[in-house]
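Trainee: Below is the sequence, then the predicted model.
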Amino acid sequence: LQKLEIDPSDIKAVGITNQRETTIVWDRSTGVPLHPAILWNDTRTKAVLQSILSQPLSTTLSTSTSSSSSGSCSSTSPPTSSSSTESSSGPPLLSWRTGDNASSQKSQSTAAFNNQYTQSNLFKFQELCGLPFSTYFSALKLVWLQDNVPEIREKMEQNQLLFGTVDSWLIWNLTGGTQGGLHITDVSNASRTMLMNLSTLNWDPFLLRFFNIPTSILPQIRSSAEVYGKLKVSKLRGVPISGCLGDQQAALLGQQCMQTGQTKATYGTGCFLLTNIGKMPVTVKGLLTTVAFKFGNDGAYFAIEGSIGQAGSALNLLESWGLDPFKLMESASSSSGVMALPAFSGMLAPRWRPDVRGIFSGISDYTTPQHIVYSVLEAIIFQVTELIHCIENEVGIKVTDLLVDGGLSHSQTLLQLQADILGRDVIRPSMAETTALGAAMAAGRGIGVWPAFKRQDTLALDRFTPAISLDEAEFRYKTWKDFVEKSISQNSEEKRESPEPVQESIPGSIFIFSSFLIWMLSHVQN
C-alpha cells in the first residue's frame, strides 16, 4: 500500500480468494499446522479412492444415482434434503476402509476401473454434494491424513484439531488465531470439500459419517459476502473481512457472470470452466455442481463446472524437457498431425479417469518443437469445447460467448484457436486479475458499498472471432475425440496385459544377484 501511495485508512474492507480444495489441518490450541497443506491436484489419495470405487458401498441413500458410462453427461434430478436426513442415523458407513493405513495398499488403479462397482460408485453421492469421488476434493485428503499421520488422528480424537481450506486458515489467523480467531468458510469453498449438502448448504450428516469426519473440526459455513470479523494484525487492524470466494467462483464474479448461461474459462495450471445456472442446483454426471456465490441472506447461485487437470502444467512439463513452450506457442501455427492427450496425472471432467496417462501421437521425422507445443494447446481447447458441448446438451443452456482469464489467456494463439474450434466469440477483459476483482466485489457487497451488481458493458475487451469454417472445426474436434477414446482404450488394455514388475514376480535376492551378474558380464566383454 505504501508503494502505491495508498493510505491504509482508505481501505474499507478486505476480501479473500483462495485455491480451493487444498487441505490444511492445525492444532486449535497452538495454531501450528500438523502437516504440509495437501494441494488440490495432489494425487496421493489414490489408494483411498481405489478403496471406495472397488467395493460395494453400504448406503441407504434413497436417491443414489445409477451407473453411467465413461465420459457421459447424463442429467440427474436435483438433490433433495430428505436423502441426507434418511441416511444420517446408524453406525458409520466405513466398509470401504480396509485398514488404518490406506496408502500402504498396492496401487491397482486399472483393476479398480475395470471393477463392476466403479462406475456406479463414482457418482454415488453427486446428488447430495454435486461432486464425484476423486482425489481432487478435500474429504479424501482428510481421510488420507487420518490414515497416515498418527498425530492428526490423535488430535482429532482429543478434539484439538481444526480443518479448513486456505480461506479458513487465513481468516482464523487474521482474526486472532488462538486468541479468538474465527473458524469459518464460505459456501463456495465448502461446496468443494464433498462434505456439504447442496440443498441445505450445511455439512451433511450422512457424508460426515461416511468419511468419519467429526463436526467439531469443521469451520462454520457462511455466505460469500457479509462482515465475518475484523483484522487483528497489520496496519489494517480493525478493517472488516467481508468477502470470501474460492478462486474460480471469484473469477466468475469478476467476469460479471451474473446471469444464467454466462460462462467463463480460466486457463491456469489447470483449466476451469464455470457456467452460471441460477438458483437451482442441477446435477450432471461427468460435470460438477458447485455453489457460485451467495450474498448475505440472498439465495445461493449455482454453477456447473468442468475441470481440466493439466493446462499450464502441461506446458511446464514441456519446459522441463528443454523446450520453451511459452515462446514457441506464439510462432506455432499447426500441429502437423501430432496429437496430445496431456493426462499426466489422470483425467478430470467429464471422464474422471485417474488411471489414464499422457500420450503423444503422430510424431514423425518432420515434427518440430512448435508442432508439439501446438498439439498441447489444441488438447486444452478441445477439452474446453467438449465441456461446453456437454453443458449445453445436458443442462439446456446455450453458451453464446466465452469469457476467459488466467495466465495462458495472454496467448493470442490459444484464444484464436479456442474461438476457431468452439465456433463462438472468445472475450478477454482488459482487467486480467478477475479473481482478485471478484473477491473485492464480494467484500464491497458485504459491507454495503453497493447493494447489487450491474454488468458494465463498457469495459475494454479483446474479442477473438472464429476464422475457420464450422465444418473444419467439427472435423478437427471429432478427430481429436476419436484419438482420445482410442488412447484411453489402448492405455487400459496395455495395463491389463502388462506383467507384474520384475521385482514383484521373482524373489528380490535372485533379482539383485542376476542384475549384478549381467553388469559384470557386460564389463568383461568391454
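Mentor: Sure thing, it's come through.
Trainee: Isn't V291 up against G299?
Mentor: No - using CB atoms under 8 Å, V291 makes no contact with G299, being 10.7 Å away. Quick note: C-beta positions are derived from backbone N, CA and C, even for glycine.
Trainee: Settle it for me: which of those two has more neighbours?
Mentor: Taking other CB atoms under 10 Å, V291 and G299 do not tie; V291 has more neighbours (27 against 11).
Trainee: Quickly find the element holding the more buried one.
Mentor: Using DSSP states H and E, V291 maps to strand 288-293.
Trainee: That strand: how far from the chain's middle?
Mentor: Centre-to-centre, strand 288-293 and its host chain are 12 Å apart (CA atoms, centre = their mean, to the nearest Å).
Trainee: In its sheet, which strands sit next to it, and in what direction?
Mentor: strand 301-308 (antiparallel) (DSSP bridges).
Trainee: which parts of the following helix or strand past the partner strand are buried?
Mentor: Downstream of strand 301-308, the next assigned helix or strand under DSSP H and E is helix 312-320. By 16 or more other CB atoms under 10 Å, the buried positions in helix 312-320 come out as G312, S313, A314, L315, L317, L318.
Trainee: Next: stretch 373-393.
Mentor: Applying 16+ other CB under 10 Å to stretch 373-393 flags 373-388, 390-392 as buried.
Trainee: low-scoring pLDDT stretches of the protein, where are they?
Mentor: 57-120, 455-460, 491-526 (pLDDT under 70).
Trainee: mind listing the helices in the stretch 1-150 of the chain by residue range?
Mentor: Ranges of helices in the stretch 1-150 of the chain, per DSSP state H, counting those that start in this stretch, are 46-53, 81-87, 109-113, 118-122, 126-129, 138-148, 150-157.
Trainee: buried sites along stretch 192-201?
Mentor: Of all the residues in stretch 192-201, those buried under the rule 16+ other CB under 10 Å are R192, T193, M194, L195, M196, N197, L198, S199, L201.
Trainee: Stretch 243-262 now?
Mentor: Buried-residue list, stretch 243-262, by 16+ other CB under 10 Å: 243-258, 261-262.
Trainee: what does stretch 277-286 give?
Mentor: Neighbour counts using 16+ other CB under 10 Å place I277, P281, V282, T283, V284, K285, G286 of stretch 277-286 among the buried residues.
Trainee: end-to-end on that stretch?
Mentor: 16 Å (CA to CA, to the nearest Å).
Trainee: how far out from the middle of the chain is that stretch?
Mentor: Worked out by CA atoms, centre = their mean, stretch 277-286 lies 17 Å from the chain centre.
Trainee: Could you shift the numbering so residue one becomes 48, and keep it that way?
Mentor: Yep, numbering from 48; the last one is stretch 324-333 now.
Trainee: how much space between the closest residue to G211 other than its chain neighbours and W250?
Mentor: Excluding its sequence neighbours, the residue lying closest to G211 (CB to CB, 6 or more residues apart in numbering) is P266, at 5.1 Å. P266 sits at a distance of 9 Å from W250 (criterion: CB to CB, to the nearest Å).
Trainee: shared neighbours of the two, which are they?
Mentor: Residues touching both P266 and W250 (CB atoms under 8 Å, 6 or more residues apart in numbering) are A237.
Trainee: Would you check that L455 makes contact with Y314?
Mentor: Yes - with contact defined as CB under 8 Å, L455 and Y314 form a contacting pair (3.6 Å).
Trainee: list the residues that contact both of the two?
Mentor: In terms of CB under 8 Å, 6+ apart, L455 and Y314 are both contacted by the residues A358, G359, I427, L461.
Trainee: Could you dump the residues you listed into CSV with distance to M488 added?
Mentor: Listed next are the shared contacts of L455 and Y314 as CSV, based on distance: CB to CB, whole Å:
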residue, distance to M488
A358, 25
G359, 25
I427, 28
L461, 27
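Trainee: Show me the two of those that sit farthest apart.
Mentor: G359 and L461 (10.5 Å; CB to CB).
Trainee: Name the residues contacting each of the two.
Mentor: Y314, L455.
Trainee: Tell me where the stretch 198-347 of the chain has strands.
Mentor: For the stretch 198-347 of the chain, applying DSSP state E, counting those that start in this stretch gives strands covering 208-211, 231-233, 267-269, 272-277, 287-293, 310-314, 318-325, 330-331, 335-340.
Trainee: Format these as a markdown table; extra columns: distance to R398.
Mentor: Listed next are these as a markdown table, based on distance: least, CB to CB, whole Å:
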| stretch | distance to R398 |
| --- | --- |
| strand 208-211 | 29 |
| strand 231-233 | 29 |
| strand 267-269 | 30 |
| strand 272-277 | 35 |
| strand 287-293 | 23 |
| strand 310-314 | 18 |
| strand 318-325 | 15 |
| strand 330-331 | 14 |
| strand 335-340 | 13 |
